[in-house]
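Participant: what would the 3D arrangement of this be:
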Amino acid sequence: MNEGDVMTITIEEVIQKIPDWRGKSIESQPLSGGLTNTNYKVTVDGTPYFVRVPGASTELLAVDRQNEYENSKAAALAGVGPKVIHYLPEEKVMVLEFIFGKTMSNESLQAPGMPTRIAQSLKMLHAGPRFYSDFNMFRLTEFYLNIVKEHDVKIPEGYYDRMPTVNRIEQATLVNPLPTVPCNNDLLAENYIDDGKMLRLIDFEYSGNNDPCFELGNTCQELKYDEARIVELCEAYFGKATASKLARMKLNMIMSDVGWTLWAAIQQKISKINYDFWGWAIERWGRAVEKIDSPQFERWLVDVQNAD
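Facilitator: Residues are numbered from 1 along each chain as shown. Here you go, the predicted model:
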């Protein structure tokens, strides 16, 4: 996590550094959508590639580029991620297979059967090669809180008051823990691409071996899934939607918002991207508080401790 600032590099400089591309017809165009990186489509003699150039100061967001590179290779071996074609280790630039397909949205992932398709892709990833390192949202939240203090980052009011509750969530989930599996951990809608056969997964910046229910809960939260879709995803993944598994997903939905609230607040301070990160932080924190204060919260803490 302490890799230091990545040197900035232009797409023209990236192209010059790849020997295989020399003397070939090359066109590049920027792609929209990245919140921590600059992304490009580079076409070399008619073949398109996806090029990811890391943003500045992303180590403050706990992005480990070596971890991302190794896990991107593992996800490709699992059959869900794009192949890594080239890697520039000094600049931390990745050149990836360009996946032809439809970039998904919250709306398109609400369609009938989509939770089941998501479960199929996640089961492939989770059954694939172990990842380079582990991911734990409780530890990442602590890391972000240190960044908040060191860099005087504004965070939503009342955040610190909820930390004892976060500790209760962690203790409850540790009673009957699930074995960790290789997870993406950041599956918002745009990180799914429908290639016509399956939902491919991209962007492994926050990937690591983790509780599979964080993966399931996080993507449910990102996609704003209702109860029926949450149950469908749980059942499609585990074979049965038990009270224990659903509670584990719901608690991890909370933790997804608890942690990424701080991510958004830090981005508001450091990012040069024109995006309302503060609005996103407030929205996420509001969702987390709403679930913590819900009548079901204490039930989830009990249910998650039961063995199926």
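Participant: make it CA atoms for all contacts and neighbour counts henceforth
Facilitator: Noted.
Participant: count of neighbours near Ala307?
Facilitator: For Ala307, the neighbour count with other CA atoms under 10 Å is 12.
Participant: likewise for Gln305?
Facilitator: 19.
Participant: measure it to Arg248 for me?
Facilitator: Gln305 is 9 Å from Arg248, where distance means CA to CA, to the nearest Å.
Participant: what's the overlap in contacts for those two?
Facilitator: Contact criterion CA atoms under 8 Å, 6 or more residues apart in numbering; residues shared by Gln305 and Arg248: Thr173.
Participant: show me what contacts the residue nearest the centre of the chain?
Facilitator: Centroid-nearest residue in the chain, with CA atoms, centre = their mean: Asp186, separated by 1.3 Å. Going by CA under 8 Å, 6+ apart, Asp186 touches 204, 206-207, 215, 218-219.
Participant: which of the three states applies to it?
Facilitator: coil (DSSP: H, G, I helix; E, B strand; the rest coil).
Participant: could you report the pLDDT at it?
Facilitator: The model reports Asp186 with a pLDDT of 96.
Participant: over to the one 10 residues further on?
Facilitator: Residue-level confidence at Gly196 comes out at 95, pLDDT.
Participant: surely it is in contact with Thr103?
Facilitator: No: contact criterion CA atoms under 8 Å: Gly196 and Thr103 do not qualify, at 11.2 Å.
Participant: for this structure, longest helix please?
Facilitator: Looking across the chain with DSSP state H, the single longest helix is helix 243-270.
Participant: nearest to Ser256, of the contacts of Asp186?
Facilitator: Within the contacts of Asp186, proximity to Ser256 (CA to CA) peaks at Asn218, which comes in at 5.4 Å.
Participant: run a quick neighbour tally on the closest one.
Facilitator: By other CA under 10 Å, the residues close to Asn218 number 26.
Participant: let me know the secondary structure of it.
Facilitator: Quick answer, by three-state DSSP: Asn218 is helix.
Participant: where in the protein is pLDDT low?
Facilitator: For the chain, applying pLDDT under 70 flags the ranges 1-7, 33-36, 56-59.
Participant: helices along that one, start to end?
Facilitator: Under DSSP H, the chain gives helices at 11-16, 65-77, 114-126, 137-150, 163-173, 212-222, 227-238, 243-270, 277-292, 297-303.
Participant: any idea how far Leu188 is from Ser256?
Facilitator: 11 Å.
Participant: likewise for Cys234?
Facilitator: Going from Cys234 to Leu188 by CA to CA gives 17 Å.
Participant: who has more neighbours out of these two?
Facilitator: Neighbour count, other CA under 10 Å: between Cys234 and Leu188, Cys234 has more, with 23 against 18.
Participant: neighbours around the nearest residue to the more buried one once chain neighbours are set aside, how many?
Facilitator: Excluding its sequence neighbours, the residue lying closest to Cys234 (CA to CA, 6 or more residues apart in numbering) is Ala241, at 5.3 Å. Ala241: 17 surrounding residues under other CA under 10 Å.
Participant: distance of Ala241 relative to Val231?
Facilitator: 6 Å.
Participant: out of the helices of the chain, nearest to Pro179?
Facilitator: Comparing the helices of the chain by CA to CA, helix 212-222 comes nearest, at 8.1 Å.
Participant: how big is the angle separating the closest one from helix 243-270?
Facilitator: Relative orientation of helix 212-222 versus helix 243-270 (axes from the mean of the first three to the mean of the last three CA atoms, to 10 degrees): 60 degrees.
Participant: next one: helix 212-222 to chain centre, how far?
Facilitator: Offset of helix 212-222 from its chain centre (CA atoms, centre = their mean, to the nearest Å): 9 Å.
Participant: pull the CA atoms of stretch 228-244 into PDB?
Facilitator: Coordinates of each C-alpha in stretch 228-244 appear next as PDB, following Å, rounded to 0.1, in the frame of the first residue of the first chain:
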ATOM      1  CA  ALA A 228     -35.700 -10.300  -4.200                       C
ATOM      2  CA  ARG A 229     -32.500  -9.800  -6.200                       C
ATOM      3  CA  ILE A 230     -30.400 -10.100  -3.100                       C
ATOM      4  CA  VAL A 231     -32.100 -13.500  -2.300                       C
ATOM      5  CA  GLU A 232     -31.700 -14.600  -5.900                       C
ATOM      6  CA  LEU A 233     -28.000 -13.800  -5.900                       C
ATOM      7  CA  CYS A 234     -27.500 -15.600  -2.600                       C
ATOM      8  CA  GLU A 235     -29.400 -18.700  -3.800                       C
ATOM      9  CA  ALA A 236     -27.700 -18.800  -7.200                       C
ATOM     10  CA  TYR A 237     -24.300 -18.600  -5.500                       C
ATOM     11  CA  PHE A 238     -24.700 -20.900  -2.500                       C
ATOM     12  CA  GLY A 239     -27.500 -23.100  -3.700                       C
ATOM     13  CA  LYS A 240     -29.700 -22.000  -0.900                       C
ATOM     14  CA  ALA A 241     -30.500 -18.600   0.600                       C
ATOM     15  CA  THR A 242     -30.100 -19.300   4.300                       C
ATOM     16  CA  ALA A 243     -30.700 -16.700   7.100                       C
ATOM     17  CA  SER A 244     -27.000 -16.900   8.000                       C
END
